[in-house]
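K.L.:
missing the sequence, but the structure's below:
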């Protein structure tokens, strides 16, 4: 009967392992989803730029205007990478 008394510990350990695997899978899925979104936006940008080359120039001017406004509003500090999403 000693074998039966150790059974709950084995099941608890298995449950913990399953929960950890679920967390790992969820984290991996979120990373893949993020990558998928980034690739989708890159594809969209490529199609938009190839369809309308003027869009690239317009986007560059818009980014420069944004940076000038940001310096005026926020001061002369460096811009974090996450601001522009590029």
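P.N.:
Everything's here; your move. Predicted model, so just to flag it, every value in this text is computed and none were measured. Residues are numbered from 1 along each chain as shown.
K.L.:
any weak-confidence spans in this protein?
P.N.:
1-10, 77-86 (pLDDT under 70).
K.L.:
okay, buried residues for stretch 36-43 please.
P.N.:
By neighbour count on 16 or more other Cβ atoms under 10 Å, the buried set for stretch 36-43 is empty. C-beta coordinates here come from the backbone N, C-alpha and C atoms, glycine included.
K.L.:
number of residues surrounding residue 59?
P.N.:
13 (other Cβ atoms under 10 Å).
K.L.:
does it belong to a helix or a strand, and which?
P.N.:
Secondary structure from DSSP states H and E places residue 59 in helix 54-74.
K.L.:
likewise for residue 15?
P.N.:
helix 2-51.
K.L.:
quick one on the thing from earlier: please point out which parts of the helix holding residue 59 sit buried.
P.N.:
So, applying 16+ other Cβ under 10 Å, helix 54-74 has no buried residues.
K.L.:
packing partners of that helix?
P.N.:
helix 2-51 (3 or more Cβ pairs under 8 Å, 6 or more residues apart in numbering; DSSP states H and E).
K.L.:
what's the angle from the helix it packs on to helix 54-74?
P.N.:
Calculated by axes from the mean of the first three to the mean of the last three Cα atoms, to 10 degrees, helix 2-51 forms an angle of 110 degrees with helix 54-74.
K.L.:
and helix 2-51, how far out from the chain middle?
P.N.:
13 Å (Cα atoms, centre = their mean, to the nearest Å).
K.L.:
what helices or strands is it leaning on?
P.N.:
Going by 3+ Cβ pairs under 8 Å, 6+ apart, helix 2-51 lies up against helix 54-74.
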